[in-house]
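> how does the following fold in three dimensions:
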Amino acid sequence: MRKTMLIAIAALAGAASGQQDVLIHEGRADFTVAEYFLDGMLVVQVITSPPYEAIFYESTDNGMSWEESGGSGSSDTTFTKAFSFAADGDNAYFYMLYDSEEEMPQTLVLERDSRQGQHYTMINIAPWDINAHEFAGTTDHLGAGHWIYICVVDTDPPVLEQTLFFLRDTLYGDEWFPPVDSFPLAVRQPYLATGAGRHVYFAGLAGANADSLIIWTNRNRLEPGNWVFNWIDTGGDELELPMVAAAFSPDDSTATVWCAYSRNRNNSGNWDIEFVYSTDGGMSWSEPQVLAGLPQVEERYHDLKSWRSPGADEVSISYVSLSQSQSTVYCRSARAAEPTRWSEPVRMNRIDAETGRNVRPKLCYLAGASPLAVGVVYYAMDGSGVRWGSPYGGAVKNVAEAGAAGRLRVRPTCGPGPFRINGRRGMAIRVSDVCGRVVWDVGSGNSGEAVWDGRDGAGRRVPAGVYFVGQYGATDRVRIAVTQ
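I've put the predicted structure just below:
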C-alpha cells in the first residue's frame, strides 16, 4: 500500500501544473493566516514580529492575482500566536485572534476586518489576569445569528485554579462576557470548530508526560452541562496540531466530523498524519487511522477545513511532505458518505515550502470550481516570500465571469410569494432555510427560470422568516424574506 502511494505521489509531483507559486508577498513572514469566503474572495494576512507589521492581501480571481488591501504596524509589539477564522453571508468578516504582550499584557485581541470596507476593530476579550498564550476561536454558520466562540488556556495558572476557559459572543465580537464554562485541565494547542448546527467541537493535547488527544463536543453553543468528553489513545507518542472539521449537515446528530493531527511514530522522528472521525456529530469517534504515512518521509504541518456551503459534505486537508530532497505540499479530500476514503494526494507547489506551525501552508477552497477545488498559501523555503499554489487555477472560472454567465436574481425579495427566480441554465435551483435545510428545489436540466410559491416540497406553506435561494454548483445566494 505504501509503495503504491509513493508511486502515485511521484507521478503527481511530475505532473503538477496550473496556478502555482504565485507571489503574494515578497520577503519575510513570521506568521501567515488565510481564509476563503463563499462569494469567491480569498484573504491572506502576512505578519512579521518583531517589529510587528501585518499586511492584508485579497484575491477575487481564485488566486491568479493578489492585491494589497491594508495593513498595520508597531515597533514594540510581539506575537506568539495568531489564529484566524471567517464568516460568510451577511456576517462576512475576517477575524484574527492574537496576543500582544507589550501593548496589552495578559490580554487577547480580536481583530475584525469588514468585507464591506477597509476598517477593523480591536477588541480586548480577556481582561482577567491570565497568561493567554494558548487559544483558538471560531464562528457559527447558522445564518440567523452570529456567535463567536473562543477558548483560552492559562499557561501559568495558580495551583488548583481553573486553566481552560470557554467564551462566547453574540454581537460580532463586540460584547464579551465572563467565561461561560471552565475546567481545571492544562491543554496545549487547542482548536475550535463548528458545522452547520449548534454543536461546537474542541480538540487539544493533554497529559504531563505523554500526549493524549482530547476531543470534546458541546451540543448547544458552549452551554454548560452539554459536553460530551472523548479521549483518544495514541500510545504515548508525541502529537501536534489537532484540528477538527465538520461536514455542513443541518442535522447535528448525524453530522460527519473529522479530527486530524500529526503523530511522531514511536517517538522516532518519523512524523505521520492521522485522523479519527465521527458519524454522530462528535458523540463517539473511530480508532486512529493513517492519512499520510510514507516511510522515510515526514508528513506534518497540516491544515484541515470544511467547505462551508449549507448541506456540503466535503472536507480537505493540506500537509507538508518532507524528504531529504524537497518540501512538498499535498492536498486530499474526503466526503461524509465515505469518511475514510481520502482522494489521491495532489501536489500544490513547485517551490519548496517552509515548515513550522506559524507558517505552515493554509488551505482555501475555490469558489466556482466544479467539482470543488482547493489551493494553499505557503511561505517559500528560499525566503522569496508568501506564495499561492493550486493546480486547479486554469480550470476554475473567475467568479465574476461565472456570474456574468447568468447571475442569480429573485423578484421580489420580500413578501408571501410567488417569487420569480432567474439563474444559470441547467443548474438545479434550491431554497434553503437559515439552518441550511432545503425546503424546495428544481432539478438540473431546467431553463434557469423558476417560480416558487412559498410552499415546501409537500405543498405546505413554509413559516415566515428568512430563506436563501441558490443553485447547486454555484456560490452566490439571494436572501429573501417570506411573510404571511
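> what's across from the residue nearest to the spatial centre of the chain in the sheet?
Ranked by distance to the mean C-alpha position of the chain (Cα atoms, centre = their mean), the top residue is residue 305 at 4.0 Å. Beta bridges link residue 305 to residue 316 when assigned by DSSP bridges.
> what residues does it make contact with?
Listed by Cβ atoms under 8 Å, 6 or more residues apart in numbering, the contact set of residue 305 reads 245, 315, 316, 317, 363, 364, 365. For glycine as for every other residue, the C-beta is placed from the backbone atoms N, C-alpha and C.
> how close does the closest residue to residue 480 other than its chain neighbours sit to residue 464?
Excluding the flanking residues, the one nearest residue 480 by Cβ to Cβ, 6 or more residues apart in numbering is residue 413, at 4.8 Å. Computed as Cβ to Cβ, to the nearest Å, the residue 413 to residue 464 distance reads 14 Å.
> separation between the residue nearest to the centre of the chain and residue 197?
Distance, residue 305 to residue 197, by Cβ to Cβ: 18 Å.
> quick revisit: distance of the residue nearest to residue 480 from residue 455?
Noted for residue 413: a distance of 18 Å to residue 455, by Cβ to Cβ.
> what do you get for residue 343?
Residue 343 is 39 Å from residue 455, where distance means Cβ to Cβ.
> any low-confidence regions in the stretch 251-400 of the chain?
Along the stretch 251-400 of the chain, the model assigns pLDDT under 70 to residues 368-371, 393-400.
> in it, which spans are strands?
Assigned by DSSP state E, counting those that start in this stretch, the strands in the stretch 251-400 of the chain fall at 257-265, 270-278, 289-292, 298-306, 314-322, 327-335, 346-347, 362-366, 373-379, 385-390.
> winner for burial among the ones you listed?
Ranked by mean neighbour count, the strands of the stretch 251-400 of the chain are led by strand 373-379 with a mean of 29 (mean count of other Cβ atoms under 10 Å).
> of the strands of the stretch 251-400 of the chain, which is nearest residue 40?
When the strands of the stretch 251-400 of the chain are compared by Cβ to Cβ, strand 362-366 sits nearest residue 40, at 8.0 Å.
> and the angle from the closest one to strand 373-379?
Orientation of strand 362-366 against strand 373-379 (axes from the mean of the first three to the mean of the last three Cα atoms, to 10 degrees) gives an angle of 150 degrees.
> can you spell out which helices and strands pack onto strand 362-366?
Using 3 or more Cβ pairs under 8 Å, 6 or more residues apart in numbering; DSSP states H and E, the elements in contact with strand 362-366 are strand 31-36, strand 298-306, strand 314-322, strand 373-379.
> give me that answer again for 6 Å
Counting contacts by 3 or more Cβ pairs under 6 Å, 6 or more residues apart in numbering; DSSP states H and E, strand 362-366 is packed against strand 31-36, strand 298-306, strand 373-379.
> run me through the strand neighbours of the shortest one, direction for each.
Sheet pairing here is set by DSSP bridges, and for strand 31-36 it gives strand 42-48 (antiparallel).
> pLDDT of the partner strand, averaged?
Looking at strand 42-48 alone, the average pLDDT works out to 90.
> give the next helix or strand downstream of it.
strand 52-59 (DSSP states H and E).
> how about that next one: buried residues?
By neighbour count with 16 or more other Cβ atoms under 10 Å, strand 52-59 contains the buried residues 52, 53, 54, 55, 56, 57, 58, 59.
> check contacts around the residue nearest to the last one when sequence neighbours are not counted.
Yep, that's residue 59 we're talking about. Spatial nearest neighbour of residue 59, chain neighbours left out: residue 42 (4.4 Å); criterion: Cβ to Cβ, 6+ apart. Neighbouring residues of residue 42 by Cβ atoms under 6 Å, 6 or more residues apart in numbering: 36, 59, 364.
> got the domain ranges for the chain?
According to automatic domain parsing, the chain comprises the domains 2-397, 406-482.
> return the most buried member of these.
Mean neighbours per residue, mean count of other Cβ under 10 Å, is largest over those for domain 2-397, with a mean of 19.
> quick one: it to chain centroid distance?
Relative to the mean C-alpha coordinate of its chain, domain 2-397 is positioned 6 Å out (Cα atoms, centre = their mean, to the nearest Å).
> what pLDDT does the model give the closest residue to residue 84 other than its chain neighbours?
Leaving aside its sequence neighbours, residue 84 sits nearest to residue 33 (Cβ to Cβ, 6+ apart; 3.7 Å). pLDDT recorded at residue 33 is 92.
> isn't residue 33 up against residue 47?
No: assessed by Cβ atoms under 6 Å, residue 33 is found out of contact with residue 47, at 7.7 Å.
> circling back: could the contacts of residue 305 go into a markdown table alongside distance to residue 110?
Output for the contacts of residue 305, formatted as a markdown table (distance: Cβ to Cβ, whole Å):
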| residue | distance to residue 110 |
| --- | --- |
| 245 | 22 |
| 315 | 25 |
| 316 | 26 |
| 317 | 26 |
| 363 | 22 |
| 364 | 21 |
| 365 | 24 |
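> show me what contacts residue 429?
By Cβ under 6 Å, 6+ apart, the contact list for residue 429 reads 421, 423, 442, 450, 471.
> please apply the same query to residue 27.
Listed by Cβ under 6 Å, 6+ apart, the contact partners of residue 27 are residue 385.
> and it, how close does it get to residue 111?
Distance, residue 27 to residue 111, by Cβ to Cβ: 22 Å.
> one more: residue 135?
According to Cβ to Cβ, residue 135 stands 13 Å off from residue 111.
> check residue 452 too.
Following Cβ to Cβ, the distance that separates residue 452 from residue 111 is 40 Å.
> could you dump the strands of the stretch 251-400 of the chain to CSV with distance to residue 85?
Formatted as CSV, the strands of the stretch 251-400 of the chain follow (distance: least, Cβ to Cβ, whole Å):
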stretch, distance to residue 85
strand 257-265, 17
strand 270-278, 21
strand 289-292, 23
strand 298-306, 10
strand 314-322, 15
strand 327-335, 20
strand 346-347, 25
strand 362-366, 12
strand 373-379, 15
strand 385-390, 19
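> closest to residue 175 out of those?
strand 298-306 (27.0 Å).
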